[in-house]
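Undergrad: I'd like to go over a predicted model; first the sequence, then the structure.
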Amino acid sequence: MNRLGLAFAAALLVLAGASAATAQPAFRRVVIVKVDGLNADLLNDTIHKRDPATGRSVLPWISRVFDQDGVVFDNFYVRGISLSAPSWSLLDTGRHTIIRGNAEFDRYTGQVYDYLNVFPFYLGYARNRAVDMPGVEVLDSAGIPLLIDRFAYAQVFQSFQLFQRGVSWTTLKDALFRSFSGQALRSVLESAAPISLSSSLSRQLETELEAGLRREQFLYLDFFTGDADHVGHATSDPQALLQVMREIDALVGRIATTIRQSPLARETLLVMVSDHGMNNTPGVISQTFNLPDLFGRSEGGGHHVVTNREQLSDYKLKGINPLVHRVITPSAQSIYLAGEASHYPTAWIDIDGNERAAVHLRNSDLNKIHILLLELSKSELTPEVRRAAADSLQAAIDKHRAAWNAEADGLRAELDELARAIETRKSVVKNLPKSDTQQHESGEDKANRRLRLELEHWEREHSAYRSYLSHLDRLLAFHPDSAKPFKGTISNLIPELTLGDNNSVGDLERYIVGPSAGGLVLTADGHLDEEKSFRRIDYFALLASQRARNNPQTNLSQRPIDFVAMALPHPQRGYWLYRDADHQLIILEDTSGRLRVQPVRDLTEDSHGVVHWQETSWCAGLPLELYEDEHLQVASEQRASWLSQWHTEQEWMRATYACHYSNAVIGIPEELSPVAPNVPGRPGISPLLLRYERRRRELVQADFHVFAADHWNFNARFPNPGGNHGSFLRISTHSVWMMAGGDLGARHIEEPYDSLNFASTVLNLLGKEPPMPDRVVTLR
Amino acid sequence: MHLRKRMRFLTAALLVPFLITAAYSAEPAIASRVSHAGYVWRTSPVGSSAELVTLFCQGCEQAGAAGSDVPLIALLRDTLGDTKPESSRITDLWLLSYARPNIGKRMLSAVPFFYWRVGGSRGNHGVKTLAPLLDMNALQHPAANTLTQNLLQWTVLDPLSTPVRASTRAYRGNAADDERLHLQEAISYLQQAPVSTPDSPLNQLQVQTLIARLELRKSLLGGFVSADGAAKYGVSAQIRDLEIRSRDWELLREWADKTGLYFEPLDLAGTRNEYAALWIPLTGSHPASATSVAPIWKLLNLKPPSPRDLQQIPAGAVFERALDENGNLLPAGSSGARQIKLVPLGIYSLDYPKMPLLVADFRNHHHLRWRAMEQRSINEVTAGVIGISHFTNWYYYVAADLYDFVASRHGSPMNQAARLDCYSQFRARLALDRELDPTLRAEAMQRIDSLAMNPLEAAPNAEMQAASANFKALEDRAQTGQLLALVKKNRREELAAWDRTKLGAIRHELFRVLTFGAYTPEAKSSEDIVAQLAVQRRAQYQLDFLEQLARAGTPPEVQVDSNRIAASVAELESLLPAVNSDRFHLEARNTIARLRSNSEDSDLQARCERALVALYSIDEARRTVALKPTSVRLPSAE
């Protein structure tokens, strides 16, 4: 097919999408009730419980508005990991995720992206140092618009949430006054329960939402509540969960009633959606496995560990600091970096994932270079050992020379382009008008502030990447002296608070954590014995070998870690899931996006970085437990062949959605696939800046992800004894999506869908162009 | 000399209100038995219109007599002889293990810095001294009493002299602690009460509300909380307790992991996940942490035993236990993959709000006591001896609060009241338990005894013995008609208070306080008092139900079946002619009007409209009879 033909076919597809779009019932206004952490199974079961005292459902409003009179997606799942920041980003944009954790770390600069911490945002907003939540900033830089961006500023009423633009001080002020009002004081006296600021804020937002609903001006309104997530984490007690669902039900009732009384009642689409489920099982207490502690112990590599929050933060004075985003926990068992915790923390872990942790380790060869520099600085080395160590160091640098040179050249070009953009932006910013009431009302003041703040971010990033680049240049130019002790400063060669390139499978199987106990060892021919000179760890085997020390709940696995997942190197489009030496899987993706799953063993990486494995046969106990899952929609005798064959995403979804790990086969590629193709860039962005933005997103990708076993979690900050989420377990991924209004009709949709369908469908119902037309669910 | 005598007299006179406690009085003949996990309700009639509902611990330990049924809580429920739930009302609650302290104990409790429990038994128990812990007709009385006593303390006693200030404060402190101890004890029993069974005499909401009322008694203004507020408080308090418990459970398990100890949840007296023990292997612990475990030991409130300490532990204090193939501790008496010798370090209460609270330290007999004594002594010195005041020396208290905050962030359990609650609960559970290893239990009893610092307090075993005696006394009261007399008195009080406005209630309370309790308004005794109350209670029940629906501001028929609402409106309409209260009529009309305006169901709207018309004519008739105009106006919606 020639180019013209391709363009014609593409145009037809777009037209088909557009015609599907026009076939949908049109709504002018949308109201979205965003419920963080509400599990769909729990909600559905509760809706169908009858209260004998009232003769109605125990959740009468959700039952009436959505279950009886609306559209309910019975099988709606998180795409990717079941964590708030990535999941809301999918729901709020309708695009493939570029945010893949609640916290992310830039491996070259150490910058922490802390998506859940709202305090720095409020403070920054008050000081004119912020205008959007961090997640929104990231999406803006990548050129990905939010749902609310499809509406004019004056048409939007947005509540307080993770992907929030701006802060309404009036709302905060009124919430504060509400907390100290006579009514509040009377409430304290009459109910003995002081009204918290968050509760006041919630009531204030609801009041404003109701006021907004009565005006035709607002066409997008949302209300975010984190109560279900909060209670779900704290306890699995059914009564507590019912209580919070009742509160949400009452909220839905009030909103639905206000909509019915509002001028745009017939043209309003009411939506309720949750970002993920929650692993609540009555009577089970979720147990924590302390991953930072494992990585800090000598058996785990003796790393100084970076997290985004204090461990056991409730028992430290510094735990009250709400502005913290990077905490270094020094290891008392560090092998070669004792006392260097503030300069060289070598394991960075996002434990804000509860059932999943993202682990970044410093590049194993950087460790090796660091160790050899430390050895070479010793004066007592014998000349033979010194020479061998110097040769080994030179070889380690040379091994990466080509890649590092290419990296440095690429990054340098991008930074030059960034520098030009900075200069241009400076002149734009200089001429920005001062904010006035009119600008404030049109949101122009915020747009201007965004320009100013982005300039500051660019300048900061430019400086940080330049610093990394200069270290890289010095390292590439460095030639160790094989005769004299090294007298230089290590920090001039190895940048502090950075991790360097990602580790490969081979690196992690033989990860260097320090010199061997006997120091550097030479081979018979006088070279450094690479095996005997360094202490190495196979992280896959180490993580698989972890066992619980105190596990009083017999129904919980003795193995707190379910499996480890990591992407295979390019050009292989594959993802490796490691449970133990005998139970491994790879998920392979072809160029058309089809997927297949294969049990493997003896996965190794050769010297060219190519990964090899041995295919094995299907059996029970493999990661994701698909083969033995009674809910897999494939006949038992065909399972082995079916699972190992190529299938489309939709076929996988239909076959696996009811399984214990629901849509993990789709979720793992979403989470681990290269992120760069998902960054479209702003319209008109220069190719170099687009490459730069894509690079920045790639730099926050972890080495590997660790998934907790059922009812285990990694939250070392404080216990989450109730439920948790973050994994691919169905209970954690099964989410709520319900809609009602207009002539949408009443139906339950059993076909399984995921987060990518949400925004496109909603926008389509509103008569707006969906971000992914092929993801629109046709409702009529 | 004269002056000194007058001072003594004055002091004694001022102490009288503190020393006076009311005493009240039931007809046994067990009518029904309901069982649930070791705790059962038994109901027995009191006359024909009331009943005594008693919570028993079935097969619990009682002063060495294992397996007997121990009466714990008794409730007096006035049913008005009706089976409808809306007609019945719980009026009094007795903690049966409570016995009024004798005068000797009271005297000792007024001695500053006297931190010992004296004698095994508490003092008096039985017919004459049995007073309800909770009088539901007079919930505001304790709050008003405390306010008055505080006022008296600040304005009269504190300025007198150091001995008066110190002794009165010591007495009041001990009395307040003793009351709290028993409130918590009652709460801990009610938390175990069966509620989910269909034949349970109390439903979950009722038990939660009772617990809430007891909890609210602990706070200064808790007695003024409305019934609706108490019910909501009960639900949220239960959820909060569950959250605390599971959080503490997991924290202790994690800390045991880090310090290389064994964590074992304990089920005391039929409870679950309220307590846990930590054990150390005789060969010593092997911490599994990359950082120092010293802060964890501090959080555990324990000193890590050295190998030498462990070597010196007598054989009797070492327990032989079994581990499974994964190295997990198995329940006592099980056989596993291997045996291990363990030494108990401590038992923790998992109900302390911030973290697990050490309630029994097996390796250090005195440190918990010393710590508690230290904190109390400081309080007594500052407030009692020196006379530092919250008003004039506020900066001291700000500094003290700041210190407490910092100390608690570092793991010190600084919340004295919450500590007392945990202690109270543990001693009650331990006294009833017969599941724990007898040696460990005996040792834990010894430890908990050493924490008794209040002269007013009685030994747990003695309290359990008192429980049976008190229950017997209550049965005697029922037989002699005293309990029925109490029921009747309660009814007269309820009737008198029914139509009272908030301002009126405050005025009455003030009179009562000023007259040292002599002024307690009661309605005149009449033949139709039961009928009157029955109408009022049913009308109030229906109004509360409708008001709750109207308050939501949404169409009520979505929440509750329309027929049910219509039936409620009809019943209220039928009852109103017999209710003689303008306030109530106004509330009823406004509520029905709001329901009509909120509803989208034409039948329900019509029912509400009919009721409103009827209510207008009723009110018109009442106004004509009373010649008393009313300012009632319905919202413009009608």
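TA: Received, thanks. If you're wondering where the values come from, they're calculated on a predicted model, not measured in any experiment.
Undergrad: Domain parsing of chain A, as residue ranges.
TA: Chain A breaks down by automatic domain parsing into domains covering A:3-73+A:88-98+A:144-284+A:742-775, A:300-348+A:360-502.
Undergrad: Just name the most buried of those domains.
TA: Each of those was scored by mean neighbour count; the highest is domain A:3-73+A:88-98+A:144-284+A:742-775, a mean of 19, by mean count of other Cβ atoms under 10 Å in any protein chain shown. All C-beta spots, glycine's among them, are computed from the backbone N, C-alpha and C.
Undergrad: can you give me the offset of that domain from its chain's centre?
TA: 21 Å (Cα atoms, centre = their mean, to the nearest Å).
Undergrad: can you check stretch B:232-251 too?
TA: 15 Å.
Undergrad: So which residues of the stretch 201-350 of chain B form strands?
TA: B:262-266, B:275-281, B:319-323, B:338-349 (DSSP state E, counting those that start in this stretch).
Undergrad: quick one, the helix or strand following the longest one and strand B:275-281 angle?
TA: Same thing as strand B:338-349. Sequence-wise, the next helix or strand downstream of strand B:338-349 (DSSP states H and E) is strand B:357-361. Put simply, strand B:357-361 runs at 60 degrees to strand B:275-281, going by axes from the mean of the first three to the mean of the last three Cα atoms, to 10 degrees.
Undergrad: Which elements pack onto the next helix or strand after strand B:357-361?
TA: Next along the chain after strand B:357-361, taking DSSP H and E as the criterion, comes helix B:367-379. Secondary-structure packing of helix B:367-379 (3 or more Cβ pairs under 8 Å, 6 or more residues apart in numbering or on different chains; DSSP states H and E): strand B:357-361, helix B:416-432, helix B:438-450.
Undergrad: so where's the stretch 551-700 of chain A shaky on pLDDT?
TA: Applying pLDDT under 70 to the stretch 551-700 of chain A flags no residue at all.
Undergrad: in it, what residue is nearest chain B?
TA: Across the stretch 551-700 of chain A, the shortest distance to chain B (Cβ to the nearest Cβ) belongs to residue A:558, at 4.7 Å.
Undergrad: which element is that residue on?
TA: Judged by DSSP H and E, residue A:558 forms part of no helix or strand.
Undergrad: Counting neighbours, what do you get for it?
TA: 16 (other Cβ atoms under 10 Å in any protein chain shown).
Undergrad: ok, now how distant is the nearest residue to it once chain neighbours are set aside from residue A:52?
TA: With Cβ to Cβ, 6 or more residues apart in numbering or on different chains as the criterion, residue A:558 has its nearest non-adjacent residue at 4.7 Å, and that residue is residue B:326. According to Cβ to Cβ, to the nearest Å, residue B:326 and residue A:52 sit 45 Å apart.
Undergrad: Also residue B:94?
TA: In terms of Cβ to Cβ, residue B:94 sits 32 Å off from residue A:52.
Undergrad: What residues does the stretch 401-550 of chain B have near chain A?
TA: Proximity of the stretch 401-550 of chain B to chain A (Cβ under 8 Å from any Cβ of the partner chain) is limited to residues B:406, B:409, B:410, B:411.
Undergrad: Okay, residue B:132 and residue B:186: tell me how far apart.
TA: 11 Å.
Undergrad: Find residues that contact each of these two.
TA: residue B:93 (Cβ atoms under 8 Å, 6 or more residues apart in numbering or on different chains).
Undergrad: the more surrounded of these two?
TA: Between residue B:132 and residue B:186, residue B:186 has the larger neighbour count (other Cβ under 10 Å), namely 28 against 21.
Undergrad: rewinding a little: make a markdown table out of the helices and strands packed on helix B:367-379 and add mean neighbour count, distance to residue B:596 and mean pLDDT.
TA: A markdown table is the format used below for the helices and strands packed on helix B:367-379 (neighbours: other Cβ atoms under 10 Å in any protein chain shown; distance: least, Cβ to Cβ, whole Å; pLDDT from 0 to 100):
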| stretch | mean neighbour count | distance to residue B:596 | mean pLDDT |
| --- | --- | --- | --- |
| strand B:357-361 | 24 | 53 | 96 |
| helix B:416-432 | 23 | 47 | 92 |
| helix B:438-450 | 16 | 60 | 91 |
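Undergrad: Distance to residue B:465 for the ones you listed - can I get that in a markdown table?
TA: Conversion of the helices and strands packed on helix B:367-379 to a markdown table gives the following (distance: least, Cβ to Cβ, whole Å):
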| stretch | distance to residue B:465 |
| --- | --- |
| strand B:357-361 | 23 |
| helix B:416-432 | 10 |
| helix B:438-450 | 15 |
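Undergrad: how about residue 553, phi and psi?
TA: Just so you know, I chose chain A. phi -90, psi 110 (degrees, to the nearest 10).
Undergrad: Please refer instead to chain B.
TA: phi 70, psi 10.
Undergrad: measure it to residue A:250 for me?
TA: For residue B:553 relative to residue A:250 (Cβ to Cβ), the value is 10 Å.
Undergrad: Name the SS class of residue A:360, please.
TA: Using DSSP: H, G, I helix; E, B strand; the rest coil, the structure places residue A:360 in strand.
Undergrad: Could you measure from it over to chain B?
TA: From residue A:360 over to chain B the distance is 17 Å, taken as Cβ to the nearest Cβ, to the nearest Å.
Undergrad: May I ask you to confirm that that residue is in contact with residue A:703?
TA: Yes: with contacts counted by Cβ atoms under 8 Å, residue A:360 reaches residue A:703, the gap being 5.6 Å.
Undergrad: pretty sure residue A:513 belongs to a strand, no?
TA: Yes: assessed with three-state DSSP, residue A:513 lies in a strand.
Undergrad: can you pull the contacts of the nearest residue to it once chain neighbours are set aside?
TA: Of all residues not flanking residue A:513 in the chain, residue A:301 sits nearest, at 3.9 Å (Cβ to Cβ, 6+ apart). If you count contacts by Cβ under 8 Å, 6+ apart, residue A:301 has them with A:295, A:335, A:346, A:347, A:361, A:511, A:513, A:514, A:537.
Undergrad: can those go into a markdown table with extra columns for distance to residue A:377 and pLDDT?
TA: Shown next, in a markdown table, are those (distance: Cβ to Cβ, whole Å; pLDDT from 0 to 100):
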| residue | distance to residue A:377 | pLDDT |
| --- | --- | --- |
| A:295 | 26 | 97 |
| A:335 | 17 | 96 |
| A:346 | 19 | 98 |
| A:347 | 24 | 98 |
| A:361 | 24 | 98 |
| A:511 | 23 | 98 |
| A:513 | 19 | 98 |
| A:514 | 16 | 97 |
| A:537 | 24 | 98 |
